[in-house]
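# quick check, what structure comes out for this input:
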Amino acid sequence: MTTDIILGLLWRSFWETIWMTGASGLISLVIGLPLGLALVITGRDGIAEQLTVNRILAALVNGFRAVPFIILLIALIPLTRLLVGTALGTTAAIVPLTIAAIPYYARIAEVSLREVDRGLIDAVRAMGGNRWTIIREVLVPEALPGIVAGFTVTLVTLIGASAMAGTIGGGGLGDLAIRYGYQRFETDVMIAVVIVLIILVCGMQWLGDRLVAKLDHR
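As a prediction, the model looks like this:
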């Protein structure tokens with residue numbers, strides 16, 4: 001296989017991976033962060049303690065996190081077909097990636113939110129702040145560096161998961177590595193995919209770390 005063909009395949013697969021990771025990561029942030037907040041505020045001694053609700057949410061999160069991604073990928077094929085009309089391709093892969101990432105990120109966000117100084121919450125309460133004020137002015141701002149760091153970890157994890165989605169025709173770098181590197185014994189393609197994945201992960205982690213450093217004023 002010529003260098004031009006390899007570069008063309010890599011370029012297309014790279015952007016497919018970016019699309020899958022970006023879309024599923026954004027949805028996991030939009031849903032996972034509120035879910036993490038709900039786990040914190042409804043927990044014991046939370047600002048809206050509802051232990052029954054908390055246990056139900058925790059059970060759902062733990063249930064989805066317990067299923068290995070490759071099994072979830074296959075089990076969600078009917079749902080994926082229902083939502084996007086097909087179980088193949090990059091857009092289809094976004095469905096299982098998102099469902100796997102939401103509970104994962106929710107737990108990471110929950111850990112960051114629980115580390116917020118309880119004294120700050122009590123101080124806002126003493127000044128007459130309501131629940132929304134506490135969330136907006138204390139919980140999220142104080143936990144923001146951890147929230148961003150956790151989101152970076154989630155994106156890196158999604159890159160690996162998107163590569164796994166290539167096993168069932170999900171597209172992206174994983175699909176390229178399997179179809180050409182493994183099935184056709186194109187070792188140069190496999191090596192190129194590994195190098196691109198390493199650069200992508202390191203670049204994403206570097207950007208995330210830089211953003212966290214800017215947000216963390218402690």
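# any weak-confidence spans in the protein?
1, 169, 182-183, 217-218 (pLDDT under 70).
# now residue 128: which helix or strand?
Following DSSP states H and E, one finds residue 128 outside all helices and strands.
# ok, now how distant is it from residue 46?
Going from residue 128 to residue 46 by Cβ to Cβ, to the nearest Å gives 19 Å. C-betas here are computed from N, CA, C, even on glycine.
# compare the two (neighbour count), which wins?
Between residue 128 and residue 46, residue 46 has the larger neighbour count (other Cβ atoms under 10 Å), namely 18 against 7.
# show the contacting residues for the more buried one.
40, 54 (Cβ atoms under 8 Å, 6 or more residues apart in numbering).
# rerun that using 10 Å as the cut-off
37-40, 54, 114, 121, 131 (Cβ atoms under 10 Å, 6 or more residues apart in numbering).
# among the residues you listed, which two are most distant?
54 and 121 (17.2 Å; Cβ to Cβ).
# the residue most central in space within the chain: which element?
Centroid-nearest residue in the chain: residue 154, 3.7 Å away (criterion: Cα atoms, centre = their mean). Assigned by DSSP H and E, residue 154 falls within helix 140-165.
# now that helix, how far from the chain's geometric center?
5 Å (Cα atoms, centre = their mean, to the nearest Å).
# the helices in the protein, which residues?
Remark: helices assigned in the chain by DSSP state H are 3-41, 51-66, 69-75, 77-84, 90-114, 118-126, 131-134, 140-165, 172-176, 187-215.
# the third one - contacts with which helices or strands?
Using 3 or more Cβ pairs under 10 Å, 6 or more residues apart in numbering; DSSP states H and E as the contact criterion, the secondary-structure elements in contact with helix 69-75 are helix 51-66, helix 90-114, helix 140-165.
# thank you, goodbye.
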